[in-house]
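Asks: okay, predicted coordinates and the sequence, questions at the end:
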Amino acid sequence: MIMLVLMLLGAAAYFGNYAKNYSFFHRQTESIQTLSELNSIKQQLLTYAVFQPEIFQSELVSNTVTNIPVADIPSPGYFPCPDIDGDGSLTGGETQCGNPRVVGDDSTGFDYGFLPVSFKTRNFFLKDASPRQFYYVVADRFVNSSGSYNNTSTHRYAPLNSTLTPAEAPDSGTPIGLPNNTPPWLQINGAGQYVVLIIVPGAPQVFPDGTVQDRTNVTDAKARIGDFLDMRFDTSGVKVDDGNAAGTRFFYTGQQMYPTVNDVVVGITFDEWKKAMEARIKAQKSFLCDLSPTSQHWFNDYDAIGNPSGSQWREQIIDGQVVCP
């Protein structure tokens with residue numbers, strides 16, 4: 001009997017540890033898969049940004065392709081606006097967005113919603129991404145169609161380059177230009193200078209204050225951000241802040257101190273963005289530098305009338321020297 005009891009206790013301990021190890025392994029596998037998916041989307045978004053001139057060199061209207069004037073073709077570096085209604089595409093009012101940065105207001109300088117996954121008129125889509133699968137946050141100056149900037153011409157912040165040299169004031173007179181070298185101010189876990197954030201919402205939960213995440217009614221990604229992204233409560237159930245659901249520039253991922261944060265966030269930093277754009281410039285350097293400095297082209301200087309899509313890449317410093325010395 002004693003041997004039997006010992007055997008049963010040993011078996012219980014063994015299978016208990018096995019269950020814990022299996023659970024840990026299962027969670028670890030899921031985490032690795034989630035990060036792999038996020039990094040895949042991240043690389044595809046960088047590709048989208050790098051090839052902006054090619055993606056937007058023509059319009060498809062009524063099955064007819066019309067080339068865009070060279071002066072209106074965007075420079076590399078822009079990202080899409082967020083998808084608000086969750087259908088995966090950008091239509092109607094979603095085709096333009098903007099939230100100009102205001103000093104002292106942490107809810108400005110970026111826009112957010114669902115990640116768009118299909119750009120039908122551009123023959124571009126994000127592989128292995130479904131509508132409403134990912135949340136998406138993008139710095140205001142980096143969207144490719146904003147009603148806040150250069151309103152009568154390109155509808156974009158320009159020039160967009162490594163130093164983020166501000167454009168001339170938009171035709172509407174607002175917002176005022178930010179100082180040179182003002183980086184984007186989105187943060188993950190207190191670390192800053194993110195251009196884009198991609199978020200996998202965790203499983204829906206009930207927060208300690210009784211707030212219930214309900215994702216059955218998808219109407220407006222902004223209005224219903226709390227149903228998809230998490231608030232922060234400490235281990236005692238005390239609310240720290242509204243976390244990812246707050247609509248501010250501060251986002252959190254993998255917070256062991258705050259067990260109610262089960263969102264997983266991956267971002268594109270400003271440095272990563274610069275390296276990707278500069279790699280493209282270097283690859284085309286001979287061709288680009290042969291262009292006339294006065295021609296209408298995204299590579300040349302910005303001018304509100306003469307070259308509204310210019311991003312002054314010709315004057316940027318890459319690897320310690322001016323692109324076109």
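Replies: Received it, and whenever you're ready, just let me know what you need. Numbers count the residues shown, from 1 in each chain.

Asks: for residue 322, which non-adjacent residue is spatially closest?
Replies: Distances taken as CB to CB, 6 or more residues apart in numbering put residue 315 closest to residue 322, at 6.5 Å, once the chain neighbours are dropped. Heads up, the C-betas are built off the backbone N, CA and C, glycines and all.

Asks: got any ranges where the stretch 51-200 of the chain has weak pLDDT?
Replies: 120-123, 169, 171-174 (pLDDT under 70).

Asks: how about the strands of it, start to end?
Replies: Applying DSSP state E, counting those that start in this stretch to the stretch 51-200 of the chain gives strands spanning 58-61, 64-67, 110-114, 118-119, 124-125, 135-139, 186-188, 191-200.

Asks: to the chain's geometric centre, what's the distance from the third one?
Replies: For strand 110-114, the distance between its averaged C-alpha position and the chain's averaged C-alpha position is 8 Å (CA atoms, centre = their mean, to the nearest Å).

Asks: now do that strand: which elements does it pack against?
Replies: strand 135-139 (3 or more CB pairs under 8 Å, 6 or more residues apart in numbering; DSSP states H and E).

Asks: adjacent strands (with direction) for the strand it packs on?
Replies: strand 110-114 (antiparallel), strand 191-200 (antiparallel) (DSSP bridges).

Asks: mean neighbour count, those strands: which tops it?
Replies: Greatest average neighbour count among the strands paired with strand 135-139 goes to strand 110-114 (a mean of 24), per mean count of other CB atoms under 10 Å.

Asks: is it possible to get a markdown table of the strands paired with strand 135-139 that adds distance to residue 32?
Replies: Formatted as a markdown table, the strands paired with strand 135-139 follow (distance: least, CB to CB, whole Å):
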| stretch | distance to residue 32 |
| --- | --- |
| strand 110-114 | 24 |
| strand 191-200 | 13 |
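
Asks: which one of the ones you listed lies nearest to residue 170?
Replies: strand 110-114 (16.5 Å; CB to CB).

Asks: about what we covered before: nearest to residue 48, of the strands paired with strand 135-139?
Replies: By CB to CB (comparing all of the strands paired with strand 135-139), the closest turns out to be strand 191-200, at 10.2 Å.

Asks: chain center to that closest one: distance?
Replies: 6 Å.

Asks: then stretch 202-215?
Replies: 24 Å.

Asks: and if you look at stretch 261-280?
Replies: 8 Å.

Asks: just the mean pLDDT for it, thanks.
Replies: Averaged across stretch 261-280, the pLDDT comes to 97.

Asks: mind putting the strands of the stretch 51-200 of the chain into JSON lines with distance to residue 79?
Replies: Below are the strands of the stretch 51-200 of the chain laid out as JSON lines (distance: least, CB to CB, whole Å):
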{"stretch": "strand 58-61", "distance to residue 79": "19"}
{"stretch": "strand 64-67", "distance to residue 79": "23"}
{"stretch": "strand 110-114", "distance to residue 79": "10"}
{"stretch": "strand 118-119", "distance to residue 79": "11"}
{"stretch": "strand 124-125", "distance to residue 79": "12"}
{"stretch": "strand 135-139", "distance to residue 79": "5"}
{"stretch": "strand 186-188", "distance to residue 79": "12"}
{"stretch": "strand 191-200", "distance to residue 79": "6"}
